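Asker: any chance you can model this:
(one chain, ligands or ions: 1)
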Amino acid sequence: MENFFICGGNKLSGELDISTSKNAVLPILAGCILCEKQIIIHKFPKYADTKSMLDILESLGAKWYFQDESVVIDGENISKSEIPVELASKIRSSIFSLGSILSRFKKAKVSYPGGCAIGARPIDLHLKGLKSLGVKITERHGYIYCDGSNMKSGTVNLDFPSVGATENIILASVYLKGKTRIVNCAKEPEIVDLSNFLNSIGAKITGQGTSIIEIEGVQKVDGGEYTPIADRIITGTYIIATAMCGGNVQLNNVNIENVSALVSKLKNNCCKITYKGDKLILVADKKPKSIAKVETMPFPGFPTDLQPQITSMLSISKGTSVVVENMFESRFKYISELKKMGADIIVNDKTAIIKGVPQLYGATVMSNDLRGGAALVLAGLVANGYTTVCDVKHIDRGYYKMEEDLQKLGANIERIITKA
Ligand code: UD1
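Answerer: Residues are numbered from 1 along each chain as shown. As a prediction, this is how the structure comes out:
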């Protein structure tokens, strides 16, 4: 088991380059299934999840290799339309490959996807959307069998702007003759990035970033090169870390608009935040104050993937704050661990009421999911004494060597490997 051992109390200072977005790269990798030529993805983030997605491509017949900071993917020999269950169960994003496989082979067999234990995470919207495009779907023995031989372009109305369903339907529509419209689609920056990537290799997608996306079918996409966007959740995590610890930090490779929901909450709270091009400069010289209400929403609202981290900050902020989690029903699980460190939080269904305490105390806590684990690390950075965050494999799914990033900023954190 790998753990983080943290000695709290250091201020953060220095400069950090933000790495590429996991949630942008995953659907882009699924998009590579559409392509019979070579695609190079630059600044490839080698997180556990992105590596699992490369394994999925390989299992379908693709070849890939790392070249410095890029990954080169050759989809010429992709010939399988079935994802092995052991790979699909590792990451939820395996489900995106359904749309791409259907585009390329007009049939697919996948199992239900895995991912973080933050809620039920159904895929009904994905399947309903594909059915609107004429895909026949049957479910047997835990597998989803899709027959796309009669797939046609058309209109898909999403009941909720699901990120994954929007991405899947875009990928399923790239080769459909005529125009496909996705109404009430997600507007997240990762959707825009997927569309921009697909357009860069020959797809015809418009409306990305708005609530209606249109895909004009093309006959083939080409090979190409692409650099995906920086990770807005990692950016936000380190912004919150600095707000909690105090200090003076410059984050490079930041798209300011993508973190504005967080920045607007912190600007008049405890930090001065300024920008120079793609650099965000943050000076935190006051203790954070409570925030009346933080409510998670689809983009451009406050991201659910930063909810645990902001709750961690509010646990040491003067006054009482309310956090409402609207996206995932089990996303407060980390709070029981945070309470072991002295946090005063009451959870009632999707609402957490947080009474700020003057100080958290070091403890041994368990990381049970990706962002909840990150929130515990932030708590450890500011706590009095030593904290061990146990089993950081979930954190590694979305942060590449988080401890090294934080060490660069002056935190006292180490990865300790324990033997069973
Ligand atoms: C993506 C992100 C995840 C982020 C989430 C919301 C990736 C790899 N993951 O997840 O980090 O937290 O967006 O911003 O990009 N839902 C259904 N039926 C469906 C699909 C979704 O009911 O078929 C529900 C979910 O249970 C959830 C809500 O819709 O309550 C949002 O889910 P969705 O936007 O699909 O998130 P993901 O794509 O899973």
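Asker: read off the pLDDT value for whatever residue of the chain ends up closest to the ligand.
Answerer: Using Cβ to the nearest ligand atom, the point where the chain gets nearest to the ligand is G164, with a distance of 2.8 Å. Bear in mind the C-beta positions are built from the backbone N, C-alpha and C, glycine included. We have a pLDDT of 95 for G164.
Asker: same question, G115
Answerer: On the pLDDT scale, G115 gets 53.
Asker: now P122
Answerer: For P122, pLDDT reads 83.
Asker: secondary structure class for it?
Answerer: coil (DSSP: H, G, I helix; E, B strand; the rest coil).
Asker: what about it, neighbour count?
Answerer: The tally of other residues near P122 (other Cβ atoms under 10 Å) stands at 10.
Asker: show me where the stretch 201-350 of the chain has its strands.
Answerer: Ranges of strands within the stretch 201-350 of the chain are 204-206, 212-216, 224-226, 247-252, 271-276, 279-284, 293-295, 320-324, 344-348, based on DSSP state E, counting those that start in this stretch.
Asker: re the thing from before, what about the residue of the chain closest to the ligand, which helix or strand?
Answerer: Using DSSP states H and E, G164 maps to helix 163-173.
Asker: would you mind identifying the next helix or strand past the lowest-mean-pLDDT helix or strand in the chain?
Answerer: None of the helices or strands of the chain scores lower by mean pLDDT, DSSP states H and E than helix 85-88, at a mean of 86. Downstream of helix 85-88, the first helix or strand assigned by DSSP H and E is helix 96-105.
Asker: one step back: nearest to L127, of the strands of the stretch 201-350 of the chain?
Answerer: Closest to L127 of the strands of the stretch 201-350 of the chain, according to Cβ to Cβ: strand 212-216, at 18.5 Å.
Asker: still on that earlier bit, report the buried residues of the helix holding G164.
Answerer: Using 16 or more other Cβ atoms under 10 Å as the test for burial, helix 163-173 gives V163, G164, A165, T166, E167, N168, I169, I170, L171, A172, S173.
Asker: what number of residues lie near E58?
Answerer: 14.
Asker: likewise G178?
Answerer: Neighbours of G178 under the rule other Cβ under 10 Å: 11.
Asker: please, which helix or strand holds the residue of the chain most remote from its centre?
Answerer: Distance from the centre of the chain peaks at N150, with 33.0 Å (Cα atoms, centre = their mean). Using DSSP H and E, N150 falls within no helix or strand.
Asker: can you give me every residue that contacts L16?
Answerer: Residues in contact with L16 (Cβ atoms under 8 Å, 6 or more residues apart in numbering) are Y238, V249, Q250, L251, N252, D405, K408, L409.
Asker: surely the second one and I18 touch.
Answerer: This points to V249. No. In terms of Cβ atoms under 8 Å, V249 does not count as a neighbour of I18; the distance is 11.3 Å.
Asker: what sits in contact with each of the two?
Answerer: Y238.
Asker: please list the residues of the stretch 301-420 of the chain that sit near the ligand.
Answerer: T304, D305, M327, F328 (Cβ under 6 Å from any ligand atom).
Asker: contact partners for the first one?
Answerer: The one in question is T304. Applying Cβ under 8 Å, 6+ apart, we find T304 in contact with T296, E325, N326, M327, F328, R331.
Asker: do you know the pLDDT at it?
Answerer: Model confidence at T304 (pLDDT) stands at 98.
Asker: buried subset of the contacts of L16 as a PyMOL selection?
Answerer: Buried residues among these (16+ other Cβ under 10 Å), as a PyMOL selection:
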select buried, resi 238+249+250+251+405+409
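Asker: re earlier: just want the angle from the helix holding G164 to helix 96-105.
Answerer: Per axes from the mean of the first three to the mean of the last three Cα atoms, to 10 degrees, the angle that helix 163-173 makes with helix 96-105 is 10 degrees.
Asker: list the buried residues of the helix or strand following helix 163-173.
Answerer: Next along the chain after helix 163-173, taking DSSP H and E as the criterion, comes strand 179-183. Using 16+ other Cβ under 10 Å as the test for burial, strand 179-183 gives T180, R181, I182.
Asker: can you check stretch 326-335 too?
Answerer: Residues M327, F328, R331, F332, K333, Y334, I335 are the ones in stretch 326-335 that count as buried (16+ other Cβ under 10 Å).
Asker: what's the closest of the contacts of L16 to S70?
Answerer: Using Cβ to Cβ, N252 comes nearest to S70 of the contacts of L16, at 19.1 Å.
Asker: the ligand contacts on the protein?
Answerer: 23, 26, 92-93, 119, 121-126, 160, 162-165, 186, 190, 304-305, 327-328.
Asker: so the residue lying closest to T227 once chain neighbours are set aside versus F105, what's the distance?
Answerer: Excluding its sequence neighbours, the residue lying closest to T227 (Cβ to Cβ, 6 or more residues apart in numbering) is H42, at 4.2 Å. Distance, H42 to F105, using Cβ to Cβ, to the nearest Å: 28 Å.
Asker: more crowded one of these two?
Answerer: Using other Cβ under 10 Å, the more surrounded residue of H42 and F105 is F105, with 17 against 14.
Asker: I'd say the more buried one and S81 touch.
Answerer: Yes. Using Cβ under 8 Å, F105 is in contact with S81, at 4.2 Å.
Asker: before we move on, the earlier item: switch the buried residues of stretch 326-335 over to JSON lines; also include pLDDT and distance to E2.
Answerer: Formatted as JSON lines, these follow (pLDDT from 0 to 100; distance: Cβ to Cβ, whole Å):
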{"residue": "M327", "pLDDT": "94", "distance to E2": "28"}
{"residue": "F328", "pLDDT": "92", "distance to E2": "25"}
{"residue": "R331", "pLDDT": "93", "distance to E2": "23"}
{"residue": "F332", "pLDDT": "96", "distance to E2": "25"}
{"residue": "K333", "pLDDT": "94", "distance to E2": "20"}
{"residue": "Y334", "pLDDT": "97", "distance to E2": "18"}
{"residue": "I335", "pLDDT": "98", "distance to E2": "23"}
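Asker: check what pLDDT the residue nearest to T227 gets.
Answerer: Reported pLDDT at H42 in the predicted model: 98.
Asker: start the count at 721, not 1, going forward
Answerer: In the new count, where the first residue is 721, that last one comes out as H762.
Asker: residue contacts, it?
Answerer: H762 makes contact with E789, S790, E945, Y946, T947, according to Cβ under 8 Å, 6+ apart.
Asker: can you pick the most crowded of those residues?
Answerer: Neighbour max across the contacts of H762 (other Cβ under 10 Å) = Y946, 21 neighbours.
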